[in-house]
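> Sharing a model prediction with you, sequence too.
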Amino acid sequence: MKRGFLKKSNALDKTSTQSSSVVPGPRLFIDLKAQSKEAGGLQRGKVDVDGYEHVGQEQREMDASFVEYPEDVWVTTTQPAQRVDATLADVPDGWAECFISGAAKRAILSVPGFPEAIPRPDPARPLPYTIAESPGKGTGMFAARDIEWGELILAERPMLVIPTTFRAVGGIICPPDFTKDQVQQAYMNAIESTMETLVNRMPMEYQEAYKKLWNCHENDGSGPLFGIARTNGFGIGDYDEPTDPAFPDTKNGYSGTFKNLSRINHSCRPNVDRDWDSPTFSLQIRASKPIKKGEEITITYIGNLTDPASARQRELASYGFTCACEACSNPEVSDPRSKEIKELLKPPMLIFNPMNMGWTNTRTGKVAGTSMRGLTDNRKDFEDWMSSMTNDFGRNTIESSIKGIKLMEEEGLDGTSEYGEMLGRVKGGCNTMNMGSKGKNFDQEIDKLVKKHEQYEKYFKSARNASSRKEQSKDGRKEDLVMSSLLTQMQMMNVRV
Ligand SMILES: C[S@@+](CC[C@H](N)C(=O)[O-])C[C@H]1O[C@@H](n2cnc3c(N)ncnc32)[C@H](O)[C@@H]1O
């Protein structure tokens, strides 16, 4: 298979430079979420844009290993880099055509071990998933056999990686009388031309698979290739760009489109969780609930699953379907329970309250332990007081987390990362109580949850990306942090310790 611009043993990258300072015209930025909603959602249709010019595009070919790019350079690159004659038969892990900043390419290539081989499900067992028709939803992914909690179902490299806030290459010069819709449409056309470059670089098998993916953006001005990326992209970690000061609320990350993973349909009560693994350059999904053979494998497309059904439906509108999951079908039962879970998910914190000289638990509003009023300078007095306070706070954290865990299980939210967080709080509560008086024995129910949390961490926090690295280093210091924050608060209050 020919991949035009490649030479020697390494791929050459096609580098596109753009600079808004030399290219006049509006900013190369389009807020896609707003575009879907503002311009009449998915039904806007294509807008006539006769008379705009797409200028300032300058392309250079670079070596695949080159990373010393100046700022403002966008790179069209194959990652991991492949030989000119590579085929998917030779490289079954596959590769991605990426449109990324020079900084993101540097970040990808600087990951230790990159590119590692992607992990595969246990070869001794049948493949855990199959792709088949899902009534009313198009195609979907299904369990081909029973799948255990935590089991790796699939790790897959994307076929395509593009920025979530897409920039067109070069500048767009629009006639002064262009409406906002026309300016947006001109951007969309320029983006589609970048998409064509990317898709044409893919091996034929990927090109065909890509073009067969679902497109729910056929009528909002997106070109066909960009519409597919908008429908099927999953956020991938580690390579986020700095926030543009002009758009402080917009996260500039990257999104990947996948041959198989992009077939997974949404549920507000999902049974898989996903994580990006940087050394293998793959997205991994694991069963976050036990899944029975034949059951549909579902993932969440949105963030706040404890929001009311109506809010979730609004978030999902840009995907062009109405969710009919159990929670969306029974909002009268699900919404109040979700609201209670949302409250319980707020992190418990102790804040000093000078009115009663006590530490107030921010979530319960209760004073934790006895108040400091009447404490003498006696060290023993202080230690007793400290022990009673940490015990109370720890116990309260454990009790409210167990309540949250039970509610999440009843509500079907036990397949989410928030469930893992709640399990972690039980462990955190035990640690806090142990700070008060060492070597406490906890009852079996608590021990079981602490063990479940350990399993959870092993299954769902094993991916190696920036956020899990941050979590891991934070975890080791969690106890110290609670203690030092208490001590700092006390010192600030002039308490002698
Ligand atoms: C990423 S694709 C998922 C795979 C897709 N069903 C297919 O046929 O390739 C997203 C699209 O799938 C459909 N979809 C996903 N979840 C759905 C659900 N819960 N109910 C109905 N349609 C759904 C919508 O059309 C959505 O735009």
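Looks like it came in fine.
> State the helix or strand in which Met62 lies.
strand 58-63 (DSSP states H and E).
> For that strand, buried residues please.
The neighbour-count check on strand 58-63 (16 or more other C-beta atoms under 10 Å) flags Met62 as buried. For glycine as for every other residue, the C-beta is placed from the backbone atoms N, C-alpha and C.
> Leaving out chain neighbours, which residue sits closest to Lys211?
Ile228 (7.3 Å; C-beta to C-beta, 6 or more residues apart in numbering).
> got a list of what the one you found touches?
Tyr210, Lys211, Leu213, Trp214, Asn215, His217, Thr257 (C-beta atoms under 8 Å, 6 or more residues apart in numbering).
> filter the residues you listed by proximity to the ligand?
Leu213, Trp214 (C-beta under 6 Å from any ligand atom).
> what would the contacts of Ile228 look like in JSON lines with pLDDT and secondary structure?
Listed next are the contacts of Ile228 as JSON lines, based on pLDDT from 0 to 100; DSSP: H, G, I helix; E, B strand; the rest coil:
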{"residue": "Tyr210", "pLDDT": "98", "secondary structure": "helix"}
{"residue": "Lys211", "pLDDT": "98", "secondary structure": "helix"}
{"residue": "Leu213", "pLDDT": "98", "secondary structure": "coil"}
{"residue": "Trp214", "pLDDT": "97", "secondary structure": "coil"}
{"residue": "Asn215", "pLDDT": "95", "secondary structure": "coil"}
{"residue": "His217", "pLDDT": "90", "secondary structure": "coil"}
{"residue": "Thr257", "pLDDT": "98", "secondary structure": "strand"}
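> Please list only the buried members of the contacts of Ile228.
Tyr210, Leu213, Trp214, Asn215, His217, Thr257.
> and which of those is nearest to Met349?
Nearest to Met349 out of the buried ones among the contacts of Ile228 is Thr257 (C-beta to C-beta; 39.8 Å).
> residue contacts, that closest one?
Contacts for Thr257 (C-beta under 8 Å, 6+ apart) come out as Pro158, Met159, Leu160, Ile162, Tyr210, Leu213, Ile228, Ala229, Asn232, Gly233, Phe234.
> Is the last one in contact with Leu261, as I believe?
Spelled out, that is Phe234. Yes. Using C-beta atoms under 8 Å, Phe234 makes contact with Leu261 at a distance of 6.6 Å.
> Neighbouring strands of the strand holding Met62 in the sheet, and parallel or not?
Using DSSP bridges, the strands paired with strand 58-63 are strand 12-17 (antiparallel).
> For this structure, which residues are neighbours of the ligand?
Checking the chain against the ligand by C-beta under 6 Å from any ligand atom, the hits are 136-140, 213-214, 216, 231-232, 262-263, 265-267, 319-321, 323.
> roughly how far is stretch 279-298 from the heart of the chain?
Here stretch 279-298 is found 15 Å from its chain centre; the criterion is C-alpha atoms, centre = their mean, to the nearest Å.
> Do me a favour and get the end-to-end distance for that stretch?
26 Å (C-alpha to C-alpha, to the nearest Å).
> Check stretch 215-228 too.
Start-to-end, stretch 215-228 (C-alpha to C-alpha) is 5 Å.
> Just the buried residues of that stretch, please?
215-223, 225-228.
> okay, now Asn441: neighbour count?
Using other C-beta atoms under 10 Å, Asn441 has 6 other residues around it.
> Find me the pLDDT at it, would you?
As predicted, Asn441 sits at a pLDDT of 73.
> same question, Ala190
In this prediction, Ala190 has a pLDDT value of 84.
> Mind picking out the helix or strand in this structure with the poorest mean pLDDT?
helix 478-492 (a mean of 49; mean pLDDT, DSSP states H and E).
> Let me know how buried Met357 is, in neighbour terms.
The burial count for Met357: 16, using other C-beta under 10 Å.
> and it, backbone torsions?
phi 50, psi 40 (degrees, to the nearest 10).
> Any figure for the gap between Leu160 and Tyr456?
Distance, Leu160 to Tyr456, using C-beta to C-beta, to the nearest Å: 31 Å.
> Of the two, which one has the most company?
For Leu160 and Tyr456, the more surrounded residue by other C-beta under 10 Å is Leu160, and the numbers stand at 25 against 21.
> ok, for the more buried one, nearest residue in space, not its chain neighbours?
Thr257 (4.4 Å).
> quick one, domains of the chain?
What the record gives for the chain is the domain set 2-118+157-263, 128-148+266-329, 335-492, from automatic domain parsing.
> pLDDT averaged over the host helix or strand of Asn434, what's the number?
Element membership of Asn434, judged by DSSP H and E, is helix 417-436. For helix 417-436, the mean per-residue pLDDT is 88.
> and if you look at stretch 325-344?
Mean pLDDT, stretch 325-344: 97.
> buried stuff in that stretch?
Cys325, Ala327, Cys328, Ser334, Asp335, Arg337, Ser338, Ile341, Lys342, Leu344.
> correct me, but the third one touches Ala309?
I take that to be Cys328. Yes. Taking contacts as C-beta under 8 Å, Cys328 lies within contact range of Ala309: 4.8 Å.
> Need the overlap of contacts for those two.
In contact with both Cys328 and Ala309: Cys268, Ser334, using C-beta under 8 Å, 6+ apart.
> So the residue nearest to Lys211 lies in a strand, does it not?
No. The assignment for Ile228, made by DSSP: H, G, I helix; E, B strand; the rest coil, is helix rather than a strand.
> From Thr194, how far off is it?
14 Å.
> What segments of the stretch 51-200 of the chain are helices?
102-109, 180-201 (DSSP state H, counting those that start in this stretch).
> what about the first one, distance to the chain center?
When C-alpha coordinates are averaged (C-alpha atoms, centre = their mean), helix 102-109 and its chain have centres 19 Å apart.
> do the longest one as well
From the chain centre to the centre of helix 180-201 is a distance of 25 Å (C-alpha atoms, centre = their mean).
> Output the contacting helices and strands for that helix.
strand 53-55, strand 73-79, strand 96-101, strand 160-163, strand 171-173, helix 204-212, helix 224-232 (3 or more C-beta pairs under 8 Å, 6 or more residues apart in numbering; DSSP states H and E).
> Show me the helices in the stretch 251-400 of the chain, by range?
For the stretch 251-400 of the chain, the helices defined by DSSP H, counting those that start in this stretch cover 309-316, 326-329, 331-345, 379-411.
> low pLDDT regions in this structure?
In the predicted model, the chain carries pLDDT under 70 at residues 1-42, 56-58, 166-170, 246, 369-377, 435-440, 467-497.
> residue contacts, Asp146?
With C-beta under 8 Å, 6+ apart, Asp146 has these contacts: Pro290, Ile291, Lys292, Lys293.
> Which residues are in contact with the closest residue to the ligand within the chain?
Nearest residue of the chain to the ligand, counting by C-beta to the nearest ligand atom: Gly138, 2.6 Å away. Gly138 makes contact with Trp214, Asn265, according to C-beta under 8 Å, 6+ apart.
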